[in-house]
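Novice: fold the following.
(2 chains)
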Amino acid sequence: MPLAQSSTSVPVVVNDDLCIADKGCTVCVEVCPLDVLRITDMADGRKTAHMEYDECWYCMPCEADCPTGAVKVNLPYLLK
Amino acid sequence: MNNLFEDFNDIEMLAEDLQSTDAGERIMAVIELTDTADPEVIPHLATAIRDQDINVRKQAAIALTDFDGVSTAAALVGALSDEHAEVRQAAAVSLTELKDPDAGDAIIPSLGVDDEFVLVSCLAGIKELRRADAMGPAIEALKHHSASVRCEAVNVIGWLQDKTSLPALRSAAGDNDALVRRAALTALGFNKSDHAEQILVAALTDSDWQVREAAAETLTKSGSAGCVPSLIKLLEDEYWQVRLKAVRTLGKLDARDAATLIGEQMTVPVPNLRKECAAALGVLAVSDTAKFLEPYYDDNDPDVRKNVRWALEKIAHTA
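Specialist: Predicted coordinates for the structure are as follows:
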């Protein structure tokens, strides 16, 4: 499975300002059936979720279940 | 030995986090309170559903899906009037998950309100609780100007399966909205009486094809030989979905007079309809209908082939 090189080139994008991983939230990581999301430390010491592996079924629970609306899944045009 | 998970189950400690000034911490408190699955957290979630932060309120509304009872229902009914649609919607969904009939105590008083969203949500919530005292408000709601409200009211009446509701369902079967008519006809399925059958037979000529389909389908459960002539006429309907339900019901009612007309439907290029026709012909087992089935012995659709072969066996066995 290829490693994601950039947080903006993958289907699942997390708004770091809204993400509350710092408070202990791991909802998106837990609901991902492919286990491709991870919690990571940012440069300023805060934590955020990100897509570790560039593999996505576009099943959407990460976006739907995020309690702050921080997760956005960019659907390919043909799936919209 | 100390409980290894004692810290995780400390409800009061988690409840204190609901007082945090940080909305993120309050959201996490809601999630962790929910994870305890302990009904004692319901009052705390009922407080959180009135939080100043929309995300906390929404999370609390979602969290209450995991709980039941009158306190849960009261908190959810309150959230149906939240200023944010996301919270209202989450509360409405959670209301439909209630299973404890006592939860109806908190919902029934709201069945008298005029607000369309609250009324639809409360009717949807009370439906599966099957509270007999919901019948009156549900019949009253059939007069509401909103078709969504009337439709949910019919569903409540249908779930109660009370034969005294026949006049209300007859009235709903003549509603000017097709969805309400469909719901009313489906609700009549439990009511095996001449009056109910008259309503269903009359609906077989409805202007909306889905209403005709619903009537034909319901007659599968409650119809009698008296409705066969009307169902035979339905075999000329322009919608194959309607004809399919008519064929199924005619098979169920052992309408041998309809066997030839059902056999003629086998030429239709819709596998689902051919499959249903073959099944009905097998049930009816009229010997001279084998000629309609034989050309489809090797039909491209495996389900059609299976039913055709089974039907031919039945006909041969009967002969």
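Novice: what parts of chain A come near chain B?
Specialist: Contact residues (CB under 8 Å from any CB of the partner chain) of chain A with chain B: A:20, A:22-25, A:27, A:67-69. C-beta coordinates here come from the backbone N, C-alpha and C atoms, glycine included.
Novice: once you drop chain neighbours, what's closest to the residue of chain A found nearest chain B?
Specialist: Proximity of chain A to chain B (CB to the nearest CB) peaks at residue A:20, 3.6 Å away. Using CB to CB, 6 or more residues apart in numbering or on different chains and skipping residues adjacent in sequence, the residue nearest residue A:20 is residue B:24, 3.6 Å away.
Novice: where does that neighbour fall, secondary structure wise?
Specialist: helix B:23-36 (DSSP states H and E).
Novice: which stretches of chain A form helices?
Specialist: Here chain A has its helices, by DSSP state H, at A:27-31, A:61-65.
Novice: buried set for the last one?
Specialist: Neighbour counts using 16 or more other CB atoms under 10 Å in any protein chain shown place A:62-63 of helix A:61-65 among the buried residues.
Novice: lowest average confidence, helix or strand, in chain B?
Specialist: helix B:11-17 (a mean of 90; mean pLDDT, DSSP states H and E).
Novice: who's in contact with that helix?
Specialist: Helix B:11-17 has contacts (CB atoms under 8 Å, 6 or more residues apart in numbering or on different chains) with B:7, B:25-26, B:28-29, B:32-33, B:36, B:38, B:40-41, B:44.
Novice: which of these count as buried?
Specialist: B:25-26, B:28-29, B:32-33, B:36, B:41, B:44.
Novice: closest one to residue B:295 out of these, please.
Specialist: Residue B:295 lies nearest to residue B:36 out of the buried ones among the contacts of helix B:11-17, by CB to CB, at 64.7 Å.
Novice: list the buried residues of the host helix or strand of residue B:247.
Specialist: Counting by DSSP H and E, the element that carries residue B:247 is helix B:240-252. Of all the residues in helix B:240-252, those buried under the rule 16+ other CB under 10 Å are B:240-251.
Novice: tell me which residue of chain B lies closest to chain A.
Specialist: Closest point on chain B to chain A, by CB to the nearest CB, is residue B:24, at 3.6 Å.
Novice: so who does that residue touch?
Specialist: Contacts of residue B:24 (CB under 8 Å, 6+ apart): A:20, A:22-23, A:25, A:68.
Novice: run the last query once more with 10 Å
Specialist: By CB atoms under 10 Å, 6 or more residues apart in numbering or on different chains, the residues touching residue B:24 are A:18-25, A:67-68, B:53, B:55-56.
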